[in-house]
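K.L.:
predicted model follows, preceded by the sequence.
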Amino acid sequence: MGRIVAVCTSAEKGERKENVSQGMLEQGVGLVGDAHSGNWHRQVSLLAIESIRKMQFLGLDVGPGDFAENLTTEGIDLLELPIGTKLSIGPQAIGEVTQIGKECHTRCAIYYQAGDCVMPKEGIFIRILQSGPVAVGDTITVIGMGGQ
C-alpha cells in the first residue's frame, strides 16, 4: 500500500503542474480540471516521490508536479505494475494502468526547466474506471495485477 503525496493539475499540457491537494477522479475522464483529462488512455499520470528524489539528489530544485504528473505517490513501486493492473485510489476511485512511461518526441518545457525528466522513464498512466475524490494522504493500493 502506498499513499498520495500530491494531487496536481495544470491548464495546459507540457507544463509543470500545481499541487492543489485534492480533486475528483471522474470515470472515463480523469482528474477534473486538468489539461490531460478526456476520453483517452492517458487520463491520469502518476510518478513516485522516490523518482523525484533521484532528481533532487542530482541537484535539481524539483518537487511534486514539476514533471507534469497528476498524482505523486509514495511507497508503491509504479514500475512493477503491468498494464491492466487495477488500483484503488482514495476512498472509492479505481484506476487501471494503461501505459508505462512515454516517448518524448521533443523536449518539453519541463525538460528545459528541470534539466531532465523522469516522467518518460518512470511515470505511468491510468484511466479511471470508477469515480471518486482523491486528496493528499489518501491511500493507493493494488487490487488486481495485470488485468486480474
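P.N.:
Perfect, thanks for sending it.
K.L.:
every contact and neighbour count from this point should use C-alpha atoms.
P.N.:
Noted.
K.L.:
run through the bridge partners of the spatially closest residue to Asp34 that is not a sequence neighbour.
P.N.:
Distances taken as C-alpha to C-alpha, 6 or more residues apart in numbering place Thr9 nearest to Asp34, at 4.9 Å, with adjacent residues excluded. Under DSSP bridges, the beta-bridge partners of Thr9 are Glu18.
K.L.:
next, the buried residues of the helix or strand harbouring Pro133.
P.N.:
Using DSSP states H and E, Pro133 sits in strand 132-135. Using 16 or more other C-alpha atoms under 10 Å as the test for burial, strand 132-135 gives 132-135.
K.L.:
also stretch 131-148?
P.N.:
Buried, per 16+ other C-alpha under 10 Å, within stretch 131-148: 131-142, 145.
K.L.:
starting at the chain centroid, how far to it?
P.N.:
Distance of stretch 131-148 from its chain centroid, counting by C-alpha atoms, centre = their mean, to the nearest Å, is 12 Å.
K.L.:
pLDDT on that stretch, on average?
P.N.:
Per-region confidence: stretch 131-148 scores 90 on mean pLDDT.
K.L.:
and the contacts of that stretch?
P.N.:
With contacts defined as C-alpha atoms under 8 Å, 6 or more residues apart in numbering, stretch 131-148 is touched by 1-7, 21-27, 73, 76, 81-94.
K.L.:
which residue ranges of the chain form strands?
P.N.:
2-9, 18-19, 22-26, 30-31, 44-48, 71-74, 86-89, 93-100, 124-130, 132-135, 139-144 (DSSP state E).
K.L.:
pick the most deeply packed of those.
P.N.:
strand 30-31 (a mean of 30; mean count of other C-alpha atoms under 10 Å).
K.L.:
by contact count, what packs against it?
P.N.:
strand 22-26 (3 or more C-alpha pairs under 8 Å, 6 or more residues apart in numbering; DSSP states H and E).
K.L.:
parallel or antiparallel, which strands does the strand it packs on pair with?
P.N.:
Here strand 22-26 has these sheet partners by DSSP bridges: strand 30-31 (antiparallel), strand 132-135 (antiparallel).
K.L.:
list the buried residues of the longest helix along the chain.
P.N.:
Using DSSP state H to define each element, the chain has its longest helix at helix 49-57. By neighbour count on 16+ other C-alpha under 10 Å, the buried set for helix 49-57 is 49-53, 55.
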